[in-house]
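[1] Compute the structure for the input listed below.
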Amino acid sequence: MQIDWLAFTPIPSLLGGIILGVAAALYVLFHGRILGISGIISGLLRPKSGDRAWRMALILGLLTAPLLAALFFEIRPIVEVEADWLAVVIAGLLVGFGTQYGSGCTSGHGICGLSRLSPRSLVATVSFMTAGFLIVFVLRHVIGG
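    Below you'll find the predicted structure:
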């Protein structure tokens, strides 16, 4: 496998990481809650009074950020999903099940939980990463041959 150094974007990646870290810290400071995307989205499914606007604003920000990156930084990644729609839907459902079963997603456990030195988040993040590595290995080297 050859690395495409033209796709290497350290400055925008660093800026994105800083923005995400600051956003997570501010969210904890102002709301006293963890910035976990799965929890925020699931809260839209059963919204409480006065709870919908900020959740929609956050989701809108997530969806518009790539457009702003393309506009201001000329970052236009080419995304190629080498799977059919059924596989993508099944994968999405499995991720949704996993975030419910694991009491959070990678953003909640991996960014916020680890920064709080949460042992549960450490176990969850190591489990997420290990499962991901194993699935990719099996699909590419065992099944994909």
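
[2] What's the first helix or strand after the lowest-mean-pLDDT helix or strand in the chain?
    Lowest by mean pLDDT, DSSP states H and E among the helices and strands of the chain is helix 106, with a mean of 78. Sequence-wise, the next helix or strand downstream of helix 106 (DSSP states H and E) is helix 114-115.

[3] next one: that next one to chain centre, how far?
    15 Å (Cα atoms, centre = their mean, to the nearest Å).

[4] Counting by contacts, list what it packs against.
    helix 10-31, helix 119-137 (3 or more Cβ pairs under 8 Å, 6 or more residues apart in numbering; DSSP states H and E). Yep, even glycine has a C-beta here, placed from its N, CA and C like the rest.

[5] need the least confident one among these, by mean pLDDT.
    Ranked on mean pLDDT, the bottom entry among those is helix 10-31, at a mean of 85.

[6] Mind checking what helix or strand follows that one in sequence?
    Next in line after helix 10-31, if elements are assigned by DSSP H and E, sits helix 37-45.

[7] Now do that following helix against helix 10-31, angle only.
    50 degrees (axes from the mean of the first three to the mean of the last three Cα atoms, to 10 degrees).

[8] Please identify the buried residues of helix 37-45?
    37-41 (16 or more other Cβ atoms under 10 Å).

[9] thinking again about what came up before, what does the least confident helix or strand of the chain contact?
    For helix 106, contacts defined as Cβ atoms under 8 Å, 6 or more residues apart in numbering pick out 125, 128.

[10] repeat that for 7 Å
    F128 (Cβ atoms under 7 Å, 6 or more residues apart in numbering).

[11] residue nearest the centroid of this protein?
    S107 (5.4 Å; Cα atoms, centre = their mean).

[12] Could you export the helices and strands packed on helix 114-115 as CSV, including distance to K48?
    Shown next, in CSV, are the helices and strands packed on helix 114-115 (distance: least, Cβ to Cβ, whole Å):
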stretch, distance to K48
helix 10-31, 13
helix 119-137, 25
